[in-house]
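Q: sequence and predicted model, in that order:
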Amino acid sequence: MPTHTANLFSIATGSSQPIYRQLVEQVRRLSASGQLRPGDEMPSVREIAQALALNPMTVSKAYSLLEMDGVLARRRGLGMVVAESAPAQPADRAGLLRPTLERAAVEARQLELDPETVLSLFATILKETK
Amino acid sequence: MSAAIVRMSSVSKQFGSQRVLAGLDWQIAPGQVVGLLGRNGAGKSTLLECMLGLREADGGSVSLFGEDVAALSDAARGRIGYVPQRTDLFDWLTPVQMFDYFRALYPRWNQAKVDGLLARWGFGPTLLGKPIKRMSGGEQQRLAIIRALAHEPELLILDEPVSALDPVGRREFLRELVDQVIERGTTVVFSTHILSDLERVAFDLAFLKDGRIALQGQTDALLEGARRIVVPATTLPGTPLAGELRRRQEGAMTSVIVQLPGDDAMRLAREPGVRVEPLTLEDLFIEVTQ
C-alpha cells in the first residue's frame, strides 16, 4: 500500500476557513477522486505538523473528524489509513464542491450578477479547464 | 480542566494618566498555546511584563504555577522562559560567553539543544565569537529565543519573537516551536502582529482591548463563529443581536459583527437585501480591536 507524505496537503492562511477544515476537505476530495485509495497510509500528525508548521492539535482535530466520518481509520501500528469503504457516489462528490460554490454564490450576489450569467460563466470555465 | 498555570485577576496598571490594564482577568491552562492580539499600544507588552512580575501591577493579583508572582520561588522561575520584544541585555558578550553565563543559572540547562539550534540557525564559529551587539536584529532575536528554550521551560512567554526575522527565519522558528515546544506540552503565550503565524500555531486566541481581554476562544471556533451581517439600517432592530460584537453604520446599510449568531441573526439573514459573510482572522482582528 502506498504511504503518503505531508505533500498531500497545502493550506492557506488568511482564509475564512479554519486550517483543520481545509485539511478535512482536502482528504475528502482526494479520497472521492481516488487519489487516496482504501488502505493507503496517511502521514502522521507529527509529520504534517512539522512539514506545514502547524499546531499538532489542529492536525489531530482534522484526523479525528475524518475518522468519525469513516473516511480514515486508525490502524494499530500503522497510524491512520484510508478507510475501506464504498467509493463515493457522484452525488456525494458533488456535495464536496458545495462549500466552494457557496462562496462563489455570495460573491456573485455582491456583484449583482443574474443566475444565467453565473451559470454560463461556470460552464465556460469547466470547458476551459478540461 | 486542570488548574491554571497563569491566573490574573482584576489586574490594573496605569502610566501617568494613561490606563493600560483596566481590571484584566485572564487564565491560561497547562498545555495551551495562546496567541495574544491587540493593536499597537494596546498594552500587550505591559500585560506580559505584569504576568511575569517584571513590572508591578497597581492592583489585582497574578499567580504563576499557583504562586504569587511577587514572591515567586526559584523553582518556579526556572520553569519559565521569556523572549522580550527587545533584548539588549548582555550584548557586550559573545554568544558563547552569554550561554556559559546562563547555563550556570539553570539546573535544567540543555546544552545539546542549544548546540543543535545554533547549528540549525546558522551560527558558525565566526558568529559565535562575535559580540552580540554587533549582530543583526534577526541574529539577536534568534539568540534570545535559543536562550529562552535552553532550560526547557514549562511556560514560554514570547513578546513579538519574530519581528526581526524574515519569512524563512519565521518558518524555521515556527517549526522549532511545533517540534520542540508544543509537542512537549509546554504552555505558550505568543504576541505577534503576524496573523498567519498565529493561525498556524495558536490553538487559542485572546484579544486585548481597552485594558481587558475583550474576546478569547479557540482559533477555529472564533473563525467559524464570526459573521458579518450587512443589513439595511431600517430592517435592523435597535437592540443588540445575540453575540453581537460591534455595529457600524455604512450609508444606508448597517454592518454587524456577530460571534456565534443566534436565532435572531438567522431570521434576519433570510430578510431581503441582507448579506451574511464569513470573516478572516484579519477581519476579526480589525473588528474586535478597533
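A: Done, it's in. Residues are numbered from 1 along each chain as shown, chains lettered A, B, ... in the order given.
Q: got the end-to-end distance for stretch A:65-75?
A: 16 Å (C-alpha to C-alpha, to the nearest Å).
Q: got the contact list for residue A:38?
A: By C-beta atoms under 8 Å, 6 or more residues apart in numbering or on different chains, the residues touching residue A:38 are A:81, A:82, A:83, A:84, A:85. Where you see a C-beta, it was placed from the backbone N, CA and C, and this is true even at glycine.
Q: chain A: strands as residue ranges?
A: Listed in chain order, the strands of chain A (DSSP state E) span A:72-75, A:79-82.
Q: and residue A:3, how close does it get to residue A:37?
A: Residue A:3 sits 12 Å away from residue A:37, going by C-beta to C-beta, to the nearest Å.
Q: with residue B:40 instead?
A: With C-beta to C-beta as the criterion, residue B:40 and residue A:37 are 51 Å apart.
Q: let me see the domain layout of the chain.
A: Using chain A. Following automatic domain parsing, one finds the domains of chain A at A:3-82, A:90-127.
Q: that answer is for a different chain, and I need it for chain B
A: Taken from automatic domain parsing, chain B resolves into B:6-210, B:221-289.
Q: what is the end-to-end distance of the first one?
A: When you say that, I think you mean domain B:6-210. 21 Å.
Q: same deal with the shortest one?
A: From its first residue to its last, domain B:221-289 covers 18 Å (C-alpha to C-alpha).
Q: do stretch A:10-28 as well
A: Note: stretch A:10-28 ends 14 Å apart using C-alpha to C-alpha.
Q: give me the number of residues near residue B:228?
A: Residue B:228 has 18 neighbours, counted by other C-beta atoms under 10 Å in any protein chain shown.
Q: that one sits in which helix or strand?
A: Using DSSP states H and E, residue B:228 sits within strand B:226-232.
Q: and chain A, which residues reach chain B?
A: Residues of chain A that fall close to chain B, judged by C-beta under 8 Å from any C-beta of the partner chain: A:13-21, A:46, A:49-50, A:52-58, A:61, A:106, A:109-110.
Q: just the buried ones from those, in ChimeraX syntax?
A: Those of those that count as buried under 16 or more other C-beta atoms under 10 Å in any protein chain shown are selected in ChimeraX with:
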select /A:13,15,16,17,18,19,20,21,46,49,50,52,53,54,55,56,57,58,61
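Q: narrow the residues of chain A next to chain B to those in helices?
A: Under the assignment DSSP state H, those contribute A:19-21, A:46, A:49-50, A:52, A:56-58, A:61, A:106, A:109-110 to helices.
Q: please name the bridge partners of residue B:217.
A: residue B:205 (DSSP bridges).
Q: list the residues that contact it.
A: Residue B:217 is in contact with B:204, B:205, B:225, counting by C-beta under 8 Å, 6+ apart.
Q: any idea how far it is from residue A:64?
A: Going from residue B:217 to residue A:64 by C-beta to C-beta gives 19 Å.
Q: cool, and residue B:60?
A: Per C-beta to C-beta, residue B:60 is found 38 Å from residue A:64.
Q: the bottom helix or strand of the chain by mean pLDDT?
A: The chain I'm using is chain A. Every helix and strand of chain A was ranked by mean pLDDT, DSSP states H and E. The lowest is helix A:90-110, at a mean of 78.
Q: oops, wrong one, chain B.
A: Here the helix or strand of chain B ranked lowest by mean pLDDT, DSSP H and E is helix B:263-269, holding a mean of 82.
Q: next secondary structure after that one?
A: strand B:275-278.
Q: could you redo the contacts of residue B:217 as CSV and give each row pLDDT?
A: Formatted as CSV, these follow (pLDDT from 0 to 100):
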residue, pLDDT
B:204, 96
B:205, 96
B:225, 90
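Q: quick check on the residues you listed: which are buried?
A: B:204, B:205, B:225.
Q: ok, the first one - contacts?
A: So the one you mean is residue B:204. B:32, B:33, B:34, B:35, B:216, B:217, B:218, B:219.
Q: swap in the last one?
A: For residue B:225, the contact set (C-beta under 8 Å, 6+ apart) comprises B:217, B:243, B:259, B:260, B:261.
Q: in this structure the third one contacts residue B:215, no?
A: Yes. Under the criterion of C-beta atoms under 8 Å, residue B:259 is in contact with residue B:215, at a separation of 7.1 Å.
Q: next, format the contacts of residue B:217 as CSV and append distance to residue B:167.
A: Listed next are the contacts of residue B:217 as CSV, based on distance: C-beta to C-beta, whole Å:
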residue, distance to residue B:167
B:204, 24
B:205, 22
B:225, 30
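Q: closest to residue B:67 among these?
A: Among the contacts of residue B:217, residue B:204 lies closest to residue B:67 (C-beta to C-beta), at 23.2 Å.
Q: so what's the closest one closest to, chain neighbours aside?
A: Using C-beta to C-beta, 6 or more residues apart in numbering or on different chains and skipping the chain neighbours, the partner closest in space to residue B:204 is residue B:34 (4.5 Å).
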